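Peer 1: compute the structure for the input listed below.
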Amino acid sequence: QVQLVESGGGLVQAGGSLRLSCTGSGRTFSTYAMAWFRQAPGKERDIVASISWISTGIEYADSVKGRFTISRDNAKNMVYLQMNSLKPEDTAVYYCAASDGLHWNPLRVAYWGQGTQVTVSD
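Peer 2: Numbering: from 1, shown residues only. Just a heads-up that it's a prediction; the model follows:
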């Protein structure tokens, strides 16, 4: 069993930065691939970035490439999302998620966090 708790959301002006954190519980945290998703009002939940268990496999949605960076620290059971050059269209609730297996597999999402709100004003 893994519990995920996100933090670091807030209100920021366009062009600013935020760093989201996801804290995982459980001794098996390092054996899960992790990802960040976001969901804007009235829209579907979309993947933003994913990272494999030892950070060898990282992927980003086209909309955030070059602006966002995903990373993890297995010793601390943490996953991060550094968000730079934020735009109003990045406004959403951001969720972290864990999938069974060492590499991200959207068909095997096992755990979700409760989400953290990010609001970017123009």
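Peer 1: would it be right to say that Met34 lies in a strand?
Peer 2: Yes: under DSSP: H, G, I helix; E, B strand; the rest coil, Met34 sits within a strand.
Peer 1: just give me the neighbour total for the nearest residue in space to it that is not next to it in sequence.
Peer 2: Spatial nearest neighbour of Met34, excluding adjacent residues (C-beta to C-beta, 6 or more residues apart in numbering): Val79 at 4.6 Å. Every C-beta, even on glycine, is put in place using the N, C-alpha and C of the backbone. When neighbours are counted by other C-beta atoms under 10 Å, Val79 registers 28.
Peer 1: centroid residue for this structure?
Peer 2: The centroid of the chain falls nearest to Trp36 when counting by C-alpha atoms, centre = their mean (2.3 Å).
Peer 1: who does the residue lying closest to Cys22 once chain neighbours are set aside bridge with?
Peer 2: What sits nearest to Cys22 in space, not counting adjacent residues and going by C-beta to C-beta, 6+ apart, is Cys96, at 3.5 Å. Note on Cys96: beta-bridge partners Trp36, judged by DSSP bridges.
Peer 1: quick check, Cys96 in contact with Gln3.
Peer 2: No: with contact defined as C-beta atoms under 8 Å, Cys96 does not count as touching Gln3 (11.0 Å).
Peer 1: of these two, who's got more company?
Peer 2: Higher neighbour count among Cys96 and Gln3: Cys96, with 28 against 14, using other C-beta under 10 Å.
Peer 1: could you measure from the more buried one over to Val5?
Peer 2: For Cys96, the distance to Val5 (C-beta to C-beta, to the nearest Å) stands at 9 Å.
Peer 1: what does Gln13 give?
Peer 2: 26 Å.
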